[in-house]
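> A predicted structure for the sequence below; I have some questions about it.
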Amino acid sequence: MPAPPQTNEPFTPFLQHLWLEKGLSENTRSSYQRDLRQFQEWLQEHQQKTVTEATRDNLSDYLAWRYEQRYKPASTARCLSSLRGFYRFLLREGELDRDITANIDLPRQGRSLPKTLTESDVEALLKAPDTDTALGLRDRCMLELLYACGLRVSELVTLTIDQINLRQGIVRISGKGGKERLSPMGEEALTWVLEYMKCARPGLLNINDSPVMFPGRRGQPMTRQTFCYRIKHHQQTAGITADVSPHVLRHAFATHLLNHGADLRVVQLLLGHSDLSTTQIYTHVARHRLETLHAKHHPRG
């Protein structure tokens, strides 16, 4: 896990704390940093203050400004969570004698339903890459793994050879906070992994002993942005009108498991959610299956 960059910003010690003691990923730390920088810039422009000089009224004015600028409630809630962590850290370190985020409630936000894809859309997407080419075979393998294992895009692009057990058909995933989980690939994904490793991966690598599972054109690990671009390209090839992203395919993984009778706690483990409440948002997608089961088994159905 790379260390946060050294800067003279007032929240640098807090970001280092998130890295050293909390073990948060680089992406999560970057989100904290963006939230803190935005508040700092707003304070300088509107209040001529620093983050350590801000008052509770300043913070309230900032949240009101975000509302006027039509920021989404979820974005503001995440921002306030970042600021709360920062000010509580300063309080514990003795840098401040009060927490300006105390007793400020998170903005109310409706719980948005995750976007997903139909099974036919997923099938079309998986078949979109041209598997007669090395890049197409790589993309097909990545899409198959993404859908078969419910991976986050960051987990997919950072996969290494030693995380894949071909004999057992298992992927060992290093998720958020360094937590590991095991996910079965299934026969179809395993078939494509074997084909890719035999026919495409060696030619894509510049370094023969590199552990990178999915290299880009120059043999380096693929970036999240590159894979997001590739998946959009395959969406267009497949003629799918719904918006497709790696996260949407992860939602489809959970949705289709539930629709086919999987237990919610099993889906929680496969997704790598630490809290079952995070997974419960998917229960709405199984409504049709529940109605069918009720009609079949209930005496009044």
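Yes, it's here. Numbering: from 1, shown residues only.
> on contacts alone, who are the packing partners of the helix or strand harbouring S81?
In the assignment (DSSP states H and E), S81 maps to helix 73-92. When contacts are defined as 3 or more Cβ pairs under 8 Å, 6 or more residues apart in numbering; DSSP states H and E, helix 73-92 sits against helix 12-20, helix 26-46, helix 56-68. Every C-beta, even on glycine, is put in place using the N, C-alpha and C of the backbone.
> Let me know the angle separating the shortest one from helix 26-46.
Spelled out, it's helix 12-20. Relative orientation of helix 12-20 and helix 26-46, computed by axes from the mean of the first three to the mean of the last three Cα atoms, to 10 degrees: 170 degrees.
> which other helices and strands contact helix 12-20?
Applying 3+ Cβ pairs under 8 Å, 6+ apart, we find helix 12-20 packed against helix 26-46, helix 73-92.
> Of these, which is nearest R56?
helix 73-92 (10.1 Å; Cβ to Cβ).
> May I ask you to confirm that A262 belongs to a helix?
No. A262: not assigned to a helix; according to DSSP: H, G, I helix; E, B strand; the rest coil it is coil.
> Dump the helices and strands packed on helix 73-92 into a markdown table; add distance to A238, mean pLDDT and mean neighbour count as well.
Listed next are the helices and strands packed on helix 73-92 as a markdown table, based on distance: least, Cβ to Cβ, whole Å; pLDDT from 0 to 100; neighbours: other Cβ atoms under 10 Å:
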| stretch | distance to A238 | mean pLDDT | mean neighbour count |
| --- | --- | --- | --- |
| helix 12-20 | 39 | 84 | 18 |
| helix 26-46 | 28 | 90 | 16 |
| helix 56-68 | 38 | 88 | 15 |
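> Relative to V248, which of those is closest?
Closest among these, using Cβ to Cβ: helix 26-46, at 18.0 Å.
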